[in-house]
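> quick one, what's the 3D model for this:
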Amino acid sequence: MLEVVVGLLAGLLFLVGAAIMAGPALSRGLGLAGRRRGLVRARPARPSKSAPAELHPTTVKALAATARLLAMLKENNLERHAAALRMAGRRLQVEEANGIHAMRQVLRHLRGVRLPDESDQRIFQGLVAQLQKALDDRAEQLELLPKN
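As a prediction, this is how the structure comes out:
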């Protein structure tokens with residue numbers, strides 16, 4: 001009798017171990033998970049449009065410099081330049097090659113921008129140079145020829 005109890009207990013432990021290893025797939029497969037009715041998700045499970053899943057690190061550097069330039073342009077009430085830079089940044093996120101060309105065109109206009117404070121102007125020029133370098137590096141990686 002003791003052997004039967006020990007055998008059943010060993011079998012039960014074996015089944016529990018197998019169920020743990022199978023994880024949630026076992027409960028879904030057997031229909032034990034049950035459907036949740038009446039529960040609504042707070043946020044739909046779709047990827048966001050603003051942050052693509054895979055951006056190259058060089059592109060991320062360019063977008064970081066773009067964000068800092070946007071802040072400086074808005075601070076100095078240069079909304080038209082900020083809007084053009086923002087649109088080029090979005091294009092860079094969605095379609096890299098066209099975004100690089102759009103960003104280069106915006107940078108040509110930004111080189112003529114003069115800020116009232118000289119220290120802000122130096123920071124601004126440094127950010128423009130940083131963005132230009134990141135765009136050049138990424139264009140070289142993608143083997144793009146500059147469009148003038």
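
> what's the average pLDDT for the longest helix along the chain?
Taking DSSP state H as the criterion, the chain has its longest helix at helix 118-141. Averaging pLDDT along helix 118-141 gives 94.

> report the buried residues of it.
Using 16 or more other C-beta atoms under 10 Å as the test for burial, helix 118-141 gives 124, 127-128, 130-132, 134-136, 138-139. Just so you know, the C-beta spots here come from the backbone N, C-alpha and C atoms, and that holds for glycine as well.

> what packs against that helix?
Helices and strands touching helix 118-141, by 3 or more C-beta pairs under 8 Å, 6 or more residues apart in numbering; DSSP states H and E, are helix 57-75, helix 96-110.

> could you redo the ones you listed as a markdown table and give each row mean neighbour count, mean pLDDT and distance to His81?
Shown next, in a markdown table, are those (neighbours: other C-beta atoms under 10 Å; pLDDT from 0 to 100; distance: least, C-beta to C-beta, whole Å):
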| stretch | mean neighbour count | mean pLDDT | distance to His81 |
| --- | --- | --- | --- |
| helix 57-75 | 18 | 94 | 5 |
| helix 96-110 | 18 | 93 | 6 |
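
> how's the protein carved up into domains?
Under the assignment automatic domain parsing, the domains of the chain span 1-37, 57-141.

> re earlier: got the contact list for the longest helix of the chain?
When contacts are defined by C-beta atoms under 8 Å, 6 or more residues apart in numbering, helix 118-141 is touched by residues 56, 58-59, 61-62, 65-66, 68-69, 72, 76, 96, 100, 103-104, 107, 110-111, 113-115, 146.

> what's the spacing between it and its chain's center?
Using C-alpha atoms, centre = their mean, to the nearest Å, the distance from the centre of helix 118-141 to the centre of the chain it belongs to is 21 Å.

> look up how far Leu85 lies from the spatially closest residue to Leu110 that is not a sequence neighbour.
Setting aside the residues directly before and after it, Leu110 is nearest to Val128 in space (C-beta to C-beta, 6 or more residues apart in numbering), at 5.6 Å. From Val128 across to Leu85, the span is 10 Å (C-beta to C-beta, to the nearest Å).
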